[in-house]
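Student: Need coordinates for the following:
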Amino acid sequence: MTQCELADGCNGSAILERLRQVLDPELDEPILQLGFVRSLQVRDGDAVIALQLPTSWCAVNFAWLMAEDVRRALTAIDGIDNVTVRLGDHCAAAQIEAAVNGEKTFAEAFPGEGFGSPEALRRVFLRKGFFVRQERLLRELRTAGLSPAAICDLHLADVSVGSETPRRYLERRAELALDCSPTAPLIVDLDGNKLSVERLETYYREARTVRVAMEANGSFCRALLAARHRDEGAGGDDVPT
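Tutor: The predicted structure is shown next:
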C-alpha cells in the first residue's frame, strides 16, 4: 500500500486485517498481498480506498467483486460509517464505483450487458480455490510421509487448524457448505464424498494442475502491476501489507 492516512482513534490493525481477508476471486490471494490497494484514508467515519488492478481492462465482473468485497469489509469495522471505493483507470470504473458506492447491484450497474452473474463467478472460483488449498494440504501430508491409505483415513480432528494450510482449507470448506465437523473425512471432493485410495492419485494430479495454473495467473498479474508501477514511477511502500 503506497499511502495510508488514518485519523486518530482508528484501529489500523483491524482495518488491515479486514483488507487481508479480501481476495482476488480468480487467484485466491489477498488483494493487499497482490499490491492492488494503492491508498486508504479514514477520517470522521469516512473511508476512501483506491484500488489499482493489473490492467485497465481486467474483467468487469472480477473488478466488481473486489470493489464490493472491499466495501463490505470496511463497513463491517466499528467507526467506519461510509466507504468510497475508487478504481482508477479501469475501463468500467465509473459504472462500478457509482453502483458499489451507492450499494446497488451488479445488474443495476450493467443492465443487459451480458457480463454474467458475479455471484455465479464467485462460486466457480471458490471451487477452484478449494482444489488449490486442498492440493497444498495433500502435498504437506505426502511430504510428511503419509501413505494414500493413511491420508484417506484422516478426519478433520486429526490435523491442527492452527496451521495456515489446514486453516485456509477448512475456511473454504465452510464457505462451500461442506461438512466441517471434527469427525468428517479430511479429504473430500466438492460433493463432500470421501476419496478412495484408488481415486486419490488422479484427484491429486488434477488439483495440482489447477494450482499451477492459478499460481501462473498470479505471477502474470503481479508482473503486469509491477510494470504499471514502474511506468508511473511508483516508490516503495509506506505501510507494510
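
Student: tell me how far the helix or strand containing A207 is from the chain's mean position?
Tutor: Element membership of A207 [criterion: DSSP states H and E] is helix 197-232. Taking CA atoms, centre = their mean, to the nearest Å, one finds the center of helix 197-232 at 13 Å from the center of the full chain.

Student: Against which helices or strands is that helix packed?
Tutor: Contact here means 3 or more CB pairs under 8 Å, 6 or more residues apart in numbering; DSSP states H and E; on that basis helix 197-232 packs against helix 31-34, helix 118-143, helix 148-152. (C-beta placed from N, C-alpha, C; glycine too.)

Student: how near is I187 to V124?
Tutor: Distance of I187 to V124, given as CB to CB, to the nearest Å: 21 Å.

Student: wait, G233
Tutor: The value you get for G233 to V124, if CB to CB is used, is 37 Å.

Student: so L178 sits right up against V188, yeah?
Tutor: Yes - judged on CB atoms under 8 Å, L178 makes contact with V188 at a distance of 6.5 Å.

Student: where in this protein is pLDDT low?
Tutor: Within the chain, the segments meeting pLDDT under 70 span 8-9, 114, 234-241.

Student: can you rerun that using 50?
Tutor: 234-241 (pLDDT under 50).

Student: check contacts around the closest residue to G192 other than its chain neighbours.
Tutor: Distances taken as CB to CB, 6 or more residues apart in numbering place L178 nearest to G192, at 5.0 Å, with adjacent residues excluded. Each residue near L178 by CB atoms under 8 Å, 6 or more residues apart in numbering is listed here: A184, V188, L190, G192.

Student: Is L178 part of a helix or strand, or is it coil?
Tutor: The local conformation at L178, judged by DSSP: H, G, I helix; E, B strand; the rest coil, is coil.

Student: For the residue nearest the centre of the chain, what are phi and psi?
Tutor: For the chain, the residue sitting closest to the mean C-alpha position, by CA atoms, centre = their mean, is L23 at 1.8 Å. Phi and psi for L23, reported as degrees, to the nearest 10, are phi -110, psi 150.

Student: Please apply the same query to V42.
Tutor: For V42, the backbone dihedrals (degrees, to the nearest 10) come out as phi -130, psi 120.

Student: how far away is it from T143?
Tutor: 43 Å.

Student: quick one: which of the helices and strands packed on helix 197-232 is nearest L19?
Tutor: Ranking the helices and strands packed on helix 197-232 by proximity to L19 (CB to CB) places helix 31-34 first, at 5.2 Å.
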